[in-house]
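Q: Test case, fold it:
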Amino acid sequence: MKKLLAMTAVAALTMSVNVSAQEAEAIYNKACTVCHSMGVAGAPKAHNAAEWEPRLAKGIDTLVKSVKTGLNAMPPGGMCTDCTDEDYKAAIEFMSKAQ
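A: Numbering: from 1, shown residues only. Here you go, the predicted model:
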């Protein structure tokens with residue numbers, strides 16, 4: 001029985017790692033793509049490292065705070081009404097990396 005529980009726990013952890021790797025892109029597709037795909041109203045374009053560089057220099061916590069409170073044309077929370085701070089961090093990291 002203990003072996004079964006241990007194997008179930010390992011399987012669950014493995015699946016959660018795989019899910020989190022996809023969550024960032026899913027969050028982007030759900031809530032960020034409308035503005036960040038084309039740079040609407042000055043939003044940094046997704047996967048354009050040069051546009052993200054000065055923003056990232058402020059620190060990820062500052063960027064998360066900007067998303068939560070809103071910045072320029074971006075409303076508070078962006079377009080994600082159910083995102084956590086970790087979700088915002090994941091989406092920012094996904095968008096800021098060059099592809």
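Q: show me the contacts for K97.
A: 47, 49 (Cβ atoms under 8 Å, 6 or more residues apart in numbering). To be clear about C-beta, it is placed using only N, CA and C from the backbone, and glycine gets the same treatment.
Q: please redo it, this time with the cut-off set to 7 Å
A: Counting by Cβ atoms under 7 Å, 6 or more residues apart in numbering, K97 touches H47.
Q: phi, psi of it?
A: phi -90, psi 130 (degrees, to the nearest 10).
Q: residue contacts, C32?
A: 78-79, 91, 95.
Q: Those in helices, which ones?
A: Under the assignment DSSP state H, the contacts of C32 contribute 91, 95 to helices.
Q: Among the contacts of C32, name the buried ones.
A: 78, 91, 95 (16 or more other Cβ atoms under 10 Å).
Q: could you dump the residues you listed to JSON lines with distance to N48?
A: Output for those, formatted as JSON lines (distance: Cβ to Cβ, whole Å):
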{"residue": "G78", "distance to N48": "18"}
{"residue": "A91", "distance to N48": "15"}
{"residue": "M95", "distance to N48": "9"}
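Q: can you redo those as CSV with pLDDT and distance to K30?
A: Converted to CSV, these look like this (pLDDT from 0 to 100; distance: Cβ to Cβ, whole Å):
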residue, pLDDT, distance to K30
G78, 92, 10
A91, 97, 9
M95, 97, 13
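Q: and which of those residues is nearest S37?
A: Set against S37, the nearest of the buried ones among the contacts of C32 by Cβ to Cβ is M95 (9.5 Å).
Q: Distance of that closest one relative to R55?
A: M95 sits 10 Å away from R55, going by Cβ to Cβ, to the nearest Å.
Q: got it, and A90?
A: 16 Å.
Q: So the two - more neighbours on which side?
A: A90 (21 against 17; other Cβ atoms under 10 Å).
Q: what are the ranges of the strands in the chain?
A: Secondary structure of the chain (DSSP state E): no strands located.
Q: low-confidence ranges in it?
A: Scanning the chain for pLDDT under 70 picks out 1-22.
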